[in-house]
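> Pasting the sequence and the predicted model now:
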Amino acid sequence: MVLSILQGARILATGSAVPDLCVKNEELSKIVDTSNEWIVNRTGIQERRILNKKEESIITLASLASIKALKNASMNPLDIDLIILATSSPNDLFGSAAQVQAEIGAYNAVAFDLTAACSGFVLGIITAAQFIQNGSYHNILVIGADVLSKWIDWSDRNTCILFGDGAGAVIIQSCAKEDNGILGFQLNTNGKEAHQLSIPYEKNYIIKTRNDILDINQGQFKYLHMNGKEVYKFAVSQVPISISKCLKSLNILPEHVQWLLLHQANKRILHAVANRLSISFNKIISNLNKYGNTSAASIPLALDEAIKDKKIKKDDIIVISGFGAGLTWGTVVIQWKC
């Protein structure tokens, strides 16, 4: 979708944070029946970061990533108008964005959570762009953060090898229309396949109130469930279509794209999508080997590292695509303006 805008929006700065605990494949091989070679060959993951300190939570990671982004933008937290926290593992089921707002001192900001799993950060960028481009807000902090380690069955080798914890943040700021950096987007959902990747809620007991006035079914969330084969087929078939549609709407050819930044799920998916788009593997931004699948954090975490490494230059075209639970997937095309 090509945006109709009153004013432009651009990413001003980035920041990221990961836990201190680094768990290598060799360590996982002592927990489940696997090996470093098996994991690397099938996923590209060599290690991941896991949050294990009792006093730390997703708030800790999200706040640290946000503070780094604010520092890189030389911006006072009080200048932030809106905070969007993309997460599927909040510290509070009612939401964690407000806790981040308080933690970083952004007291003038409205704050809310956005839940779309691995597509969450893409949806967060698009939502922020809408608020800015229609003139509602001027400085928006978008955070992608997840701590899926607390929802993983660590005896299930099909999932425990894949996921890690982390957070990434960007500050999106209003600018002149001619400097607009959020060029367009394309979004999709297929709820019929939601069962392929989920953290399901299971009713497991009934509370009887006095005199049996109410019978209340209660339960708890189970471990993360993923049908790996189906998720792989979904990603490699639908993500290239989404990217192609978005580029076509903007009259941008794949060869004019400088960087391809996909959700960091699996190296085979990254290469398959690039191959179908005829985009060189050299244009793929990836840090999957160091962090694994960090869900909503994966894209901003990789973007921040690419900025630190000075890979991305002014006016580079970056195709960003997220995909995962829901099933949801989407693309946003940006032009780097800093």
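On my side now, so go ahead.
> for this protein, which helix is longest?
Among the segments of the chain that qualify as a helix by DSSP state H, the longest is helix 228-249.
> Counting by contacts, list what it packs against.
On a contact count with 3 or more C-beta pairs under 8 Å, 6 or more residues apart in numbering; DSSP states H and E, helix 228-249 meets strand 182-189, helix 267-276, strand 317-324, strand 328-335. Quick note: C-beta positions are derived from backbone N, CA and C, even for glycine.
> Swap in 10 Å and give it another go.
Applying 3 or more C-beta pairs under 10 Å, 6 or more residues apart in numbering; DSSP states H and E, one finds that helix 228-249 makes contact with strand 182-189, strand 197-198, strand 259-262, helix 267-276, strand 317-324, strand 328-335.
> List just the one of those that sits closest to S237.
Closest approach to S237 among the helices and strands packed on helix 228-249 is made by helix 267-276 (8.7 Å; C-beta to C-beta).
> What helices and strands are in contact with the next helix or strand after that closest one?
Next helix or strand after helix 267-276 toward the C-terminus (DSSP states H and E): helix 288-291. Judged by 3+ C-beta pairs under 10 Å, 6+ apart, the packing partners of helix 288-291 are helix 36-43, strand 47-50, helix 267-276, helix 298-308.
> For the shortest one, which helices and strands make contact with it?
The elements that strand 47-50 packs onto, with contact taken as 3+ C-beta pairs under 10 Å, 6+ apart, are strand 21-24, helix 25-28, strand 166-175, helix 288-291.
> Kindly recompute the last result at 6 Å.
Here strand 47-50 touches strand 21-24, going by 3 or more C-beta pairs under 6 Å, 6 or more residues apart in numbering; DSSP states H and E.
> and the residue nearest the centre of the chain, what is it in contact with?
Residue closest to the average C-alpha location in the chain (C-alpha atoms, centre = their mean): A296, at 2.0 Å. The contact partners of A296, by C-beta atoms under 6 Å, 6 or more residues apart in numbering, come to A86, T87, G120, F121, G144, D146.
> Look at it and give its secondary structure.
helix (DSSP: H, G, I helix; E, B strand; the rest coil).
> What separation do you get for it and T115?
Relative to T115, A296 is positioned 9 Å away (C-beta to C-beta, to the nearest Å).
> swap in Y291?
Counting by C-beta to C-beta - Y291 and T115 are separated by 21 Å.
> more crowded one of those two?
Between Y291 and T115, counted using other C-beta atoms under 10 Å, the more crowded position is Y291 (26 against 16).
> N41: neighbour count?
N41 has 11 neighbouring residues, counting by other C-beta under 10 Å.
> what sits against the closest residue to S298 other than its chain neighbours?
Leaving aside its sequence neighbours, S298 sits nearest to Q264 (C-beta to C-beta, 6 or more residues apart in numbering; 3.9 Å). By C-beta under 6 Å, 6+ apart, Q264 lies in contact with L288, S298, A302.
> could I get those as a markdown table with distance to A169?
Converted to a markdown table, the contacts of Q264 look like this (distance: C-beta to C-beta, whole Å):
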| residue | distance to A169 |
| --- | --- |
| L288 | 20 |
| S298 | 13 |
| A302 | 13 |
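> Generate CSV for those residues, with neighbour count as supplementary columns.
Formatted as CSV, the contacts of Q264 follow (neighbours: other C-beta atoms under 10 Å):
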residue, neighbour count
L288, 26
S298, 29
A302, 25
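> Which single one of these is nearest to A62?
S298 (14.3 Å).
> from memory the closest one sits against H263, does it?
Yes. Counting by C-beta atoms under 6 Å, H263 is a contact partner of S298 at 5.3 Å.
> Tell me where the stretch 101-250 of the chain is predicted with low confidence.
205-215 (pLDDT under 70).
> Look up how far D113 lies from S295.
Taking C-beta to C-beta, one finds S295 at 14 Å from D113.
> Between the two, tell me which one has more neighbours.
Between S295 and D113, counted using other C-beta under 10 Å, the more crowded position is S295 (33 against 22).
> State the distance from S29 to S35.
Counting by C-beta to C-beta - S29 and S35 are separated by 5 Å.
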